[in-house]
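> How does the following fold in three dimensions:
(one chain, ligands or ions: 1)
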Amino acid sequence: MARAPATFLGSPVLLLFLLAAVASGARLPVRPGAAGRAQPRGASAAAVFALGNFWRSEAAFGCLPGVLRTSVGYAGGSKASPEYRNLADHAECVKVEYDPRLIQYKQLLDVFWASHDPREVFGQGPDVGNQYRSIIFTNGTLEARLAALTKEREQAKDRTSVITTEIHPVGAFYPAEPEHQKFELKRKPFLVQLIGNLPEEELMSSTLAAKLNAFAAELCPPKTQKRISAKIDEIAKKGWPILRDI
Ligand SMILES: *[C@@H]1O[C@H](CO)[C@@H](O)[C@H](O)[C@H]1NC(C)=O
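Numbers count the residues shown, from 1 in each chain. As a prediction, the model looks like this:
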């Protein structure tokens, strides 16, 4: 009888080798189609926001139930092919793909407002520049109305300073270079290995990677952070270091 892959992978020798490899920071071979496969493309909608540094913006949305995929890119400007070192009049953005049956645009707006300081002018914290401005990109009149309403609500909280957030109809979104996608996750190579060293395209389309990217930045709710930590510890103890779901 042929040996099942599970038995082979469960061999103590291989296990020790893998753990040693992970511990030493060596890169395990890429396992295409392994953990973190993208959700089937069913009902999905997309929203684009600019709220400062896009590494953090992506992490701010990645842990929300109903968010299917996140990616970072450039939008809001006129340059045809923006790049990280030459994005001209574009802003750093996050594109959030979500299942509208599980999370509503209005809830994404709430996360948008809560995840940055829209009263800051020309940047967010240490990130200074026009590329860090605050923008809501809307698709259709309903989204435009919700964006305007929530902006007014934020403004009403304090009239001594101005909410700088711009609201624009959604236009071209230019995906950023691969090294900027899931940046917070990539800062923790152990986590990248844990989900099987997915190739860049899979990392971009993986719901699990979006979640772990948020976890890596500690932007999941505290209870979720704890739950994921516990699960990771458990998997690390058991050996075969592949996380399939959280
Ligand atoms: C805007 O929404 C419609 C459906 O509501 C969708 O088909 C279209 O792709 C969206 N446009 C963008 C740029 O997201």
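> so Ile136 sits in a strand?
Yes: applying DSSP: H, G, I helix; E, B strand; the rest coil, one finds Ile136 inside a strand.
> Next one: it relative to Thr165, how far apart?
6 Å (C-beta to C-beta, to the nearest Å). Heads up, the C-betas are built off the backbone N, CA and C, glycines and all.
> which one of these two has more residues nearby?
Ile136 (26 against 22; other C-beta atoms under 10 Å).
> Quick check: neighbours shared by Ile136 and Thr165?
Lys151 (C-beta atoms under 8 Å, 6 or more residues apart in numbering).
> what's the closest non-adjacent residue to the residue in the chain that the ligand sits nearest to?
Nearest residue of the chain to the ligand (C-beta to the nearest ligand atom) works out as Asn139 at 3.7 Å. Once flanking residues are discounted, Asn139 sits nearest to Val170: 4.8 Å by C-beta to C-beta, 6 or more residues apart in numbering.
> so what's the one you found up against?
Val48, Ala75, Phe137, Thr138, Asn139.
> Which of those residues sits closest to Ser115?
Of all the contacts of Val170, Val48 has the smallest distance to Ser115: 14.3 Å, by C-beta to C-beta.
> Mind pulling up the pLDDT for Glu234?
Looking at Glu234, its pLDDT stands at 88.
> what about it, neighbour count?
Glu234: 10 neighbours (other C-beta under 10 Å).
> I'd like the distance from it to Leu243, if you could.
Distance from Glu234 to Leu243, by C-beta to C-beta: 10 Å.
> same question, Ala80
39 Å.
> Just want to know which of the two has more residues nearby.
Leu243 (20 against 8).
> Would you mind giving the secondary structure of the spatially most central residue of the chain?
Computing the C-alpha centroid of the chain and ranking residues by C-alpha atoms, centre = their mean puts Glu58 first, at 3.5 Å. Three-state call for Glu58 (three-state DSSP): helix.
> Could I get the contacting residues of it?
Thr70, Ser71, Val72, Val94, Gln181, Lys182, Phe183, Glu184, Ala210, Asn213.
> Buried only: go through the residues you listed for me.
Buried by 16 or more other C-beta atoms under 10 Å: Thr70, Ser71, Val72, Val94, Gln181, Lys182, Phe183, Glu184, Ala210, Asn213, out of the contacts of Glu58.
> In CSV: those, plus secondary structure.
As requested, the buried ones among the contacts of Glu58 are exported to CSV (three-state DSSP):
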residue, secondary structure
Thr70, strand
Ser71, strand
Val72, strand
Val94, strand
Gln181, coil
Lys182, coil
Phe183, helix
Glu184, helix
Ala210, helix
Asn213, helix
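> Turn the residues you listed into CSV, columns for pLDDT.
Shown next, in CSV, are the buried ones among the contacts of Glu58 (pLDDT from 0 to 100):
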residue, pLDDT
Thr70, 98
Ser71, 98
Val72, 98
Val94, 98
Gln181, 98
Lys182, 98
Phe183, 98
Glu184, 98
Ala210, 98
Asn213, 98
